[in-house]
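Student: next one to model:
(2 chains)
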Amino acid sequence: MSVLVQFAIGLVFGLGLVVAGMSNPAKVLNFLDLGAIPSGGWDPSLAFVMAGGIAVTFVGYRLVLRRSQPIFGGTFHLPTSTDIDARIIAGPAIFGIGWGLAGFCPGPAFTALTVGGNPALIFVAAMMVGMGAARWLANRPAASLPVAPRA
Amino acid sequence: MAATDFTPVASLLGGALIGAAAVMLLAAKGRIAGVSGIAVRLLPPYADSELAGRIAFILGIVMAPLAVLLVTGTAPVPTIETGPALLALAGLLVGFGAVWGNGCTSGHGVCGLSRLSVRSLVATGVFMATAIATVFLTRHVL
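Tutor: Model (predicted):
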């Protein structure tokens, strides 16, 4: 039951990406292209995706968190880290360069697997390799040691 | 580059659907709907027993365009103008950066900002800035 529900939730998420136009890299790149504002080529649509997403989530999260636990049991897993460290700058900086090169971020890349042909396969395969590499690098024993041990 | 139409209503509606999915995932499983965080845990080794649910969620995203095709009769075909080598490089950077920074457009940009997370605000500001700079360089400078 829980697995079926998670499939349905993924389907709604993917439908949102398609309806929003975010599953189309051309639209994403035209949104990121602020240099096209003077020529009229800028497409501000994706600002509306973010606005719609945040509006619903902002209210919905607060309603859900009134519950003592999730519907399928367990506990709420919310990120607790508040550190502004090098990784929270470097990771998104690298992510943004890739996003700007092709117009795909992870969700839209997955929607493209069924309708985007070989280019989508290439992107998703490379993305999974990049994800695995980052996790491997982050989990190395040396990486978890403090850089400068304090006395 | 292909021109695209300004679609404020569809984009707002699509965004609301994405938000609704994020709310449902928190309600059902207590999890943040961060696609990169869920996708990286499809790779072994597995730390818990939630693999089937994660596969189902990603499979739902993958199948969404087919649902659109079924209902409207038109497949939402993406316009991909990037060549294979650059696509591979972009994929590596997107995958690496998302996991290194603990989130992508969904986890930081929608879920994190909704939780008023300062980390997510920083992350979203940084990836928007480098993405805009990259598009500016590739389209207007190089």
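
Student: surely residue B:113 meets residue A:61?
Tutor: No: with contact defined as CB atoms under 8 Å, residue B:113 does not reach residue A:61; the gap is 10.9 Å. For every residue, glycine as well, the C-beta is placed using N, CA and C.

Student: just to check, residue B:57 is in contact with residue A:7?
Tutor: Yes: checked against CB under 8 Å, the pair residue B:57 and residue A:7 is within contact range at 6.9 Å.

Student: between these two, which is the more surrounded one?
Tutor: residue B:57 (31 against 19; other CB atoms under 10 Å in any protein chain shown).

Student: need the nearest residue in space to that one, chain neighbours excluded.
Tutor: residue A:10 (3.9 Å; CB to CB, 6 or more residues apart in numbering or on different chains).

Student: any idea how far that neighbour lies from residue B:64?
Tutor: Noted for residue A:10: a distance of 8 Å to residue B:64, by CB to CB, to the nearest Å.

Student: just residue B:27 next, same as before
Tutor: 20 Å.

Student: likewise for residue B:71?
Tutor: Using CB to CB, residue B:71 is found at 11 Å from residue B:64.

Student: more crowded one of these two?
Tutor: residue B:64 (28 against 9).

Student: run a quick neighbour tally on the residue nearest to residue B:57.
Tutor: The burial count for residue A:10: 29, using other CB under 10 Å.

Student: same thing with the one 3 residues further on?
Tutor: Burial of residue A:13, expressed as a neighbour count using other CB under 10 Å, amounts to 28.

Student: where does the nearest residue to it once chain neighbours are set aside land in three-state SS?
Tutor: Computed as CB to CB, 6+ apart, the closest residue to residue A:13 that is not its neighbour in sequence is residue B:21, at 3.7 Å. What DSSP: H, G, I helix; E, B strand; the rest coil gives for residue B:21 is helix.

Student: do you know the pLDDT at residue B:21?
Tutor: pLDDT recorded at residue B:21 is 98.

Student: next: residue B:111.
Tutor: 96.

Student: could you look up the SS state of the residue nearest to it when sequence neighbours are not counted?
Tutor: Counting by CB to CB, 6+ apart, residue B:111 lies nearest to residue B:32, which is 4.8 Å off, once chain neighbours are set aside. With three-state DSSP as the basis, residue B:32 sits in coil.

Student: contacting residues for residue B:32?
Tutor: Neighbouring residues of residue B:32 by CB atoms under 8 Å, 6 or more residues apart in numbering or on different chains: A:77, A:78, A:79, B:22, B:25, B:26, B:107, B:111, B:112.

Student: could you pull out the helices in the chain for me?
Tutor: You didn't pick a chain, so chain A it is. Secondary structure of chain A (DSSP state H): helices located at A:2-20, A:25-32, A:45-64, A:87-102, A:106-115, A:117-139.

Student: chain B was what I was after
Tutor: All helices of chain B, identified by DSSP H, fall at B:8-29, B:35-40, B:51-72, B:84-100, B:113-114, B:118-136.

Student: so for the third one, what's the average pLDDT?
Tutor: Going back to what we said before, that points to helix B:51-72. 97.
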